[in-house]
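1. Return atomic coordinates for the entry below.
(3 chains)
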Amino acid sequence: MTGWRHDSAGMVDRDRPLSFTFDGQPCTGFAGDTLASALLAGGPRILGRSFKYHRPRGLWGMGGEEPNAILDVTENGRTLPNVRATTMVLRDGMALRSVNAAPDAARDRLGLIDLAQRFLPAGFYYKTFMALGWMRWEPMIRRMAGLGVLDADHHPPADAPSMTAEIDLLVIGAGPAGLAAARAAARAGRAVWLVDEAAEPGGALRWRGGEIDGAPWQAFARDSCQAVTAAGGRVLTDTVLWGAFDHGMFAAWERRADRPDRHWRLRAREVILAAGAIERPLWFANNDLPGVMSSEAALHYLALYGAVAGRRIVIGCAGDAPYATAAALAAAGCQVTLVDARSETPPAPEGVTLRRAARITRAHGHREVGAVTVEGVHLDCDTVLVSGGFTPSVHLHCQAGGKLDFDPRTDALIPRPGSAPLLTVGAACGAFGLAAALAGGHVAGGGAGPAPAASGAVWGIAPSRPDPKARGRVWIDPQNDVTLKDVKLAAQEGYRSVEHLKRYTTLGMATDQGRSANFAGLAAMAALTGQTIPETGTTTYRPPFTPVPLSVIGGMRRGEGFAPPRRLRLEAQHRALGARFREYGGWLRPAHYGTDEAKAAQAEARTARQTAGLYDASPLGKIEVLGPGAAELLDFCGYVRMSTLKPGRARYGFMLSETGIVFDDGVVLRLAEDRFIVSASSGHVGSVRMILEEARQDRFDPARVVLHDVTAQWTTLTATGPASRALLGGAGIDLPDLPHMGVAETRWQGVPLRIARVSFTGDASWELSVPARHGAALQAALETARAGHGACWVGLEAVMILRAEKGFILVGKDTDGITMPQDLGWGGPRDRRQDEYFGRRSLFTPEAMRPDRRQLVGLETSGAPLPTGAHVLASDGPRRSAGFVTSSCHSPTLDRPVALAMIEGGRSRIGQEVTVFHLGTLSTARITDACALDPEGARLHG
Amino acid sequence: MQRYSAFSLLRHGLTGHRGWRPAWAKARPRAAYDAVIVGGGGHGLATAYYLAKNHGISRVAVLEKGWIGGGNTGRNTTAVRSNYFYPESVALYDLSLRLYERLSRALNYNVMLSQRGMLIAAHTPAQMEICARIANAMQLNGVDGHLMGAEEAVRRIPLLNQTADARFRCLGGVWQGRAGVARHDAVAWGYARAASALGVDIIENCAVTGLDVQGGRICGVDTTLGRIRTERVGLAAAGATPGLAALTGVRLPIHTYALQAFVSEPVKPMLDTVLLYLGTGTYVSQSDKGELVIGGGLDRVPTHGQRGNLPAQETVISGLLEMFPAFAQLKLLRQWAGVVDVVPDSSPVIGPVGPGGLYVNCGWGTGGFKAIPAGGWLLAHLLATGAHHEISRPFDLDRFARGRLIDEAAGSGIAH
Amino acid sequence: MQRFSCPFCGLRDETEFHFAAEAGKHRPEPAPEVSDADWADYLFGNDAPRGPAREVWVHLTCGEFFVMTRDTVTREVLGSAALPGRSQ
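-> Modelled structure (predicted):
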């Protein structure tokens, strides 16, 4: 334990100690700590192991850029894997476990791998593991890889609401630049949303402190936030803007204590990006040892939490930023040596030893840092802080399509002004230093008058780069164990494009997303290839800026919220009758009544044939087509002409796609000269409506015909079977004298009632439709009359039996994406129609004319029904499929199996025996007509 | 070609790996080639390799606008499978799978083929019937298809949502044991290295600006690095193929869409197979590194921009969590999109188009990675012989006029 | 999330729209006079342009088809208008 807790610094609540464990060892922290600050002040130094070599890893940073301090956190018996210690608030009783280490971070057995590191360079796995096949090695490699462990029993709730907001001005980042921008705009009366990922506004002011306009910075921050709120804006803290998307949309993840997180979709008229910058490491040998950490982070932990990284501290840098860190640590009582690569530097802070024109070339230590070599001189220390410059957080600028320019003054890639629809200010565009950040923000926010005043010059920064000739192992990406040698090897082997470099070495692909690694990697590649940094380029910036919980993106879409099924208006009534529901075409419908499915469906189908069956047909799509142009429209859109249909009659037909494929089937009712109702399969209503609409608007005079989907406006109950007429009479329904395919509009108990004698069962059927709100009354009337006529309610499974007995198809089950109407025995319109209709030309391609197309037939067998999905073998030649069974069941009425199948040239092969293949077993069947029951249709007229 | 092996790795390790030479030579265009392939993705590089290997034609250039493997080859979910319905598709994709099974050794480059098996999972009896139809079709076509029940599916994938309120409780599905995943970049690099060793010129940062046609035949290619003479050109440029073909006035039946994929933070092994779930349309596997690799449906707006969009992300991710509620513990680490070339029947277009000597290999849509070896094999055959291989014949562009679409989604009820 | 402008309803999220076809396609008819190749080109041929594109879209919620011009690379919407002959 090297880190320690200062008696007074920071804002933790020293009266509220919290206990937690790390790898089973008890530790303590205080309320207000993050996991990282508590571990730094009073925990072990080795917090985990690296991905590849299992090297010890300690804390590096202070936020989302943290590559090393990744922990599995157990709280109340539930574990969350891969928690970044820097961004999680400590709570009492937490159990922290290091990742990628066994038995624990301190004693990891696989640490031995590091001894073999010279044989495991970048991409070594592409060069070996081939002899015995990759599968021999893969399980071992997989076990060694991965970070945390998923808790199989932990199902986080789907409770993150999705929020949407339209904003005038969005300011991303509430550091000095963002605060100044937001304040200026709010004072001008604009509604501003100010968003920051930290718990408090202030950005680096929170640990660097400072005076603005002669007062402590807190007053400025408070004043800015008040101005925002007063002008109708909003300050969102703990909120990460994680992605920029098309047409100016940003996605944000808001973390909330004790309440579900929220997901925001934000759209702003204007956006100011003030996301700050992230400190780079320095590149010397063994720069991955625990105890080497970001200088800015050390200041952060001291100022906010009183957590001090060590006692004998060496700070390596080439810029002004760490001087504040050095001063604060010296004031806290540390022994501090500042090693600055520049020969001209600011003066040494009080109590700090400054070595100019000097560099750290090596860190020493077995498991953690214990000394450094500076210009050949050995310096003992317990902590090394580094600052290799800053990388502006330009991610959102680039995600929004922005370009970058290299700025030699700050040695950084900064946004090219005007290249993206957002304005970048502050450190995110290279304005390092408080006054510069405030001024940039003020101007961007449209501020009138002078900018908020602060002292402090712009930070001097001299470039720090990895030296390709450096000796020893120099880490570029500490989590994925990418070293300078790996970058060199990639260059040597030709993986020189930054994308190849990334993919070959895995540079920047760790969970820190290369925040601190990418610049060094590309700078090293530039140096090795003799290119400039702009020539070398960057990898593409894509969302997410910070890893976002899948639960936040998934939101509340879970269970029925994921893909809500449609429900029948009469669901409660059906349930009261014992219905078991199942999903059909997006609707929950009664599958059968009673608990035993196999028996129930058979019994219901038998009763429906013997006496009568009742079923709820409400999901059947109903599209009303009105106007003098209605018949013309339906003639064009349908395969079967409807203009010849007489009012009061119905006709079965198909709708094809323009490619000639059967898209839907159903009955069209003509209620009047200028009024039709088109039925559509329950799952196809929307697309059928769109086919009609497109023709209506694009081909016909839309003033002469209109259409609308009235499916939800009607409840439809169907009575089928020889006793159905009597049953309906018993229910008080006055049946008009209707022939088969007759339609009538009448009234029942003062309510509009439409009666259609159309049949999906082959028996005389009456389809009764009433306005949906009267459905319950109709259902009650039918139910009252039902028992007296020996009838029953039938579920969809029984209906499927009834229609299969008759060879009636179900589009999508008995047809597929190559089925044309002639394949179903409906070649008539194709052969006879002379007018133009949708899909017509496609019915005459060479393929459509082939005699051996798959055609709908029946299959007769004895014994058990054929399995649906079984194939029929071709009768000659090598073994191959000639078709397949599309529907199959036992017919209770015929007391034998019936099946429908699509078989090549099937209609010319009726009577032939065929071999049926199912999962390796063979059986025989005989091809029959698709209709197995009452082929003359006598039952229809009962 | 410098041999890769455990032994060579040890040997070079002793000398600091200073002896490794470039995997492929960085070529500049020569004045003329026997064949030019446009597109340095997996398909283009494989075509060059097989031209040299199978047909002895090595005066070949592969022209790549950016960096090789940077298009859809490097932007997919790396699944490799041949669980198809139509015999034509099975022949094509199983050729590919068989070539994959030998690829690491053939190229002396470990493409990390992991035949961990893939389940197409069903959640309704109707879908199970379709799965039976597919499993039988696969078996009749000589491919390892197995109809798996719910119990075995849950045994193989124990984290599947089997709670009472699961929206889509798994009933089983079609299993192919030989299916799996491979390392996508390695496929491109391995082909590039092997082709380069056989004399093929791989030219990066070279965009094609024109196709020269004289007397109805291709006679050259204009590029940003100058004009190249050749009488045979193969286009294997996915979403850029329509634009290239249009240079000769050819229209292709292609729309381009963004297809997104997602990667989670890595965790220890907890998912050992590849899963495609019909109910949610989401598919997922776990990479060797421990990351979940997640895919789903296309973005809904045709585009040439390689950017993903939020609505599709939300749909795919919520689909994943519906299948695996425990995955809600994980975080999204990366997300990317490729521009895929989608054909109405979602099957590729392979064959001659337009002027003599011009051939395409495109239209792979969302499923091109698994087909890389076959796509290269067949386009090489066309370029070398001027005629179709019997496996590519059904995928000729003429199928649209003949009306013989090979629509797997419609035929099997299951999308690619 | 892209946003498109329905000429009848105004700016709406992309999820309310459906791509119908590239604009400017004329249905060849009558069928007996159309060759297989011309029909296939009508059904399947596309320009799939990189850059500005004219397309027919439908706003699913109001059911109106319209013509939209947009850039397929930048995804910028350049304009939208009702079908020829349709008033807005």
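2. what's the domain layout of chain B?
-> Following automatic domain parsing, one gets these domains for chain B: B:25-78+B:184-253+B:345-402, B:114-178+B:255-342.
3. Any idea which of those domains gets closest to A:Pro450?
-> Nearest to A:Pro450 among these is domain B:114-178+B:255-342 (40.7 Å), distances taken as Cβ to Cβ. All C-beta spots, glycine's among them, are computed from the backbone N, C-alpha and C.
4. Does the residue nearest to C:Ala20 when sequence neighbours are not counted lie in a helix or a strand, and which?
-> Nearest non-adjacent residue to C:Ala20, counting by Cβ to Cβ, 6 or more residues apart in numbering or on different chains: C:Val56, 4.3 Å away. Element membership for C:Val56 (DSSP states H and E) is strand C:52-59.
5. Now that strand: buried residues?
-> For strand C:52-59, burial by neighbour count (16 or more other Cβ atoms under 10 Å in any protein chain shown) applies to C:Ala53, C:Arg54, C:Glu55, C:Val56, C:Trp57, C:Val58, C:His59.
6. how far away is the third one from B:Pro302?
-> Here the distance between C:Glu55 and B:Pro302 works out to 8 Å (Cβ to Cβ, to the nearest Å).
7. so what does the strand holding C:Val56 touch, helix or strand wise?
-> In terms of contacts (3 or more Cβ pairs under 8 Å, 6 or more residues apart in numbering or on different chains; DSSP states H and E), strand C:52-59 is packed against helix A:685-698, strand C:3-6, strand C:17-22, strand C:64-71.
8. got JSON lines for the buried residues of strand C:52-59, with distance to A:Ser682 and pLDDT too?
-> Below are the buried residues of strand C:52-59 laid out as JSON lines (distance: Cβ to Cβ, whole Å; pLDDT from 0 to 100):
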{"residue": "C:Ala53", "distance to A:Ser682": "35", "pLDDT": "95"}
{"residue": "C:Arg54", "distance to A:Ser682": "35", "pLDDT": "96"}
{"residue": "C:Glu55", "distance to A:Ser682": "30", "pLDDT": "96"}
{"residue": "C:Val56", "distance to A:Ser682": "27", "pLDDT": "96"}
{"residue": "C:Trp57", "distance to A:Ser682": "26", "pLDDT": "97"}
{"residue": "C:Val58", "distance to A:Ser682": "21", "pLDDT": "96"}
{"residue": "C:His59", "distance to A:Ser682": "23", "pLDDT": "97"}
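9. where does chain C have low pLDDT?
-> Where chain C drops to pLDDT under 70, the residues are C:87-88.
10. So out of everything in it, what residue is nearest chain A?
-> Closest to chain A within chain C is C:Ala31: 4.0 Å, counting by Cβ to the nearest Cβ.
11. residues in contact with that residue?
-> Listed by Cβ atoms under 8 Å, 6 or more residues apart in numbering or on different chains, the contact partners of C:Ala31 are A:Glu836, A:Arg840, A:Arg841, A:Phe844, C:Trp39.
12. most remote residue from chain C's center?
-> Distance from the C-alpha centroid of chain C, by Cα atoms, centre = their mean, peaks at C:Pro32 (27.1 Å).
13. Kindly confirm my reading that that one is in a strand.
-> No - using DSSP: H, G, I helix; E, B strand; the rest coil, the assignment for C:Pro32 is helix, not a strand.
14. Tell me how far the closest residue to it other than its chain neighbours lies from C:Glu33.
-> Leaving aside its sequence neighbours, C:Pro32 sits nearest to A:Phe844 (Cβ to Cβ, 6+ apart; 7.9 Å). Note on A:Phe844: its distance to C:Glu33, by Cβ to Cβ, is 11 Å.
15. Please apply the same query to A:Pro81.
-> Noted for A:Pro81: a distance of 66 Å to C:Glu33, by Cβ to Cβ.
16. Could you do B:Ser318 as well?
-> B:Ser318 is 50 Å from C:Glu33, by Cβ to Cβ.
17. circling back to that earlier point, ok, which of the domains of chain B comes nearest chain A?
-> Across the domains of chain B, chain A has its closest neighbour in domain B:114-178+B:255-342 (2.8 Å, Cβ to the nearest Cβ).
18. For that closest one, give the mean pLDDT please.
-> Computed over domain B:114-178+B:255-342, the mean pLDDT rounds to 94.
19. who's more crowded, A:Phe844 and C:Glu33?
-> Shown here are A:Phe844 and C:Glu33; by other Cβ atoms under 10 Å in any protein chain shown, A:Phe844 has more neighbours (17 against 9).
20. give me the number of residues near B:Thr209?
-> Neighbours of B:Thr209 (other Cβ under 10 Å): 11.
21. Tell me if I am right that it is in a strand.
-> Yes - secondary structure of B:Thr209 (three-state DSSP): part of a strand.
22. Enumerate every residue touching it.
-> Taking Cβ under 8 Å, 6+ apart, one finds B:Asp222, B:Thr223, B:Thr224 in contact with B:Thr209.
23. And the pLDDT at it?
-> Confidence score, pLDDT, at B:Thr209: 97.
24. Quick check: the one residue in the stretch 701-850 of chain A that gets nearest to chain B vs B:Gly142, distance?
-> The stretch 701-850 of chain A approaches chain B most closely through A:Gly817 (1.6 Å), counting by Cβ to the nearest Cβ. Distance, A:Gly817 to B:Gly142, by Cβ to Cβ: 24 Å.
25. Give the bridge partners for the spatially most central residue of chain C, please.
-> Of all residues in chain C, the one closest to the mean position by Cα atoms, centre = their mean is C:Val56, 1.2 Å from it. Under DSSP bridges, the beta-bridge partners of C:Val56 are C:Ala21, C:Val67.
26. Check for me that A:Ala363 belongs to a strand.
-> Yes - the assignment for A:Ala363 is a strand, going by three-state DSSP.
27. Just the CA trace of the lowest-mean-pLDDT helix or strand in chain A, in CSV.
-> In chain A, the helix or strand scored least confidently by mean pLDDT, DSSP states H and E is helix A:533-536, which has a mean of 88. Included here for helix A:533-536 are C-alpha records, laid out as CSV according to Å, rounded to 0.1, in the frame of the first residue of the first chain:
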residue,chain,number,x,y,z
ILE,A,533,1.0,12.4,-38.6
PRO,A,534,-1.7,13.8,-41.0
GLU,A,535,-0.3,11.5,-43.7
THR,A,536,-0.6,8.5,-41.4
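28. on contacts alone, who are the packing partners of the helix or strand following it?
-> For helix A:533-536, the following helix or strand on the C-terminal side (DSSP H and E) is strand A:548-549. For strand A:548-549, the elements it packs on are strand B:331-342, judged by 3+ Cβ pairs under 8 Å, 6+ apart.
29. Provide the strand pairings for the strand it packs on, with the direction of each partner.
-> Strand pairing for strand B:331-342, using DSSP bridges, gives strand A:548-549 (antiparallel), strand B:255-264 (antiparallel).
30. Figure out how far the first one is from the centre of its chain.
-> Yep, that's strand A:548-549 we're talking about. Here strand A:548-549 is found 10 Å from its chain centre; the criterion is Cα atoms, centre = their mean, to the nearest Å.
31. ok, is the helix or strand just after it in contact with chain B or not?
-> Counting by DSSP H and E, the next helix or strand C-terminal to strand A:548-549 is helix A:550-554. Yes - Helix A:550-554 reaches chain B (Cβ under 8 Å from any Cβ of the partner chain) through A:Leu550, A:Ser551, A:Ile553, A:Gly554.
32. and the closest residue to C:Gly24 other than its chain neighbours, how far is that from C:Asp47?
-> Nearest residue to C:Gly24, sequence neighbours excluded (Cβ to Cβ, 6+ apart): C:Arg54, at 6.5 Å. Remark: distance between C:Arg54 and C:Asp47 (Cβ to Cβ) = 10 Å.
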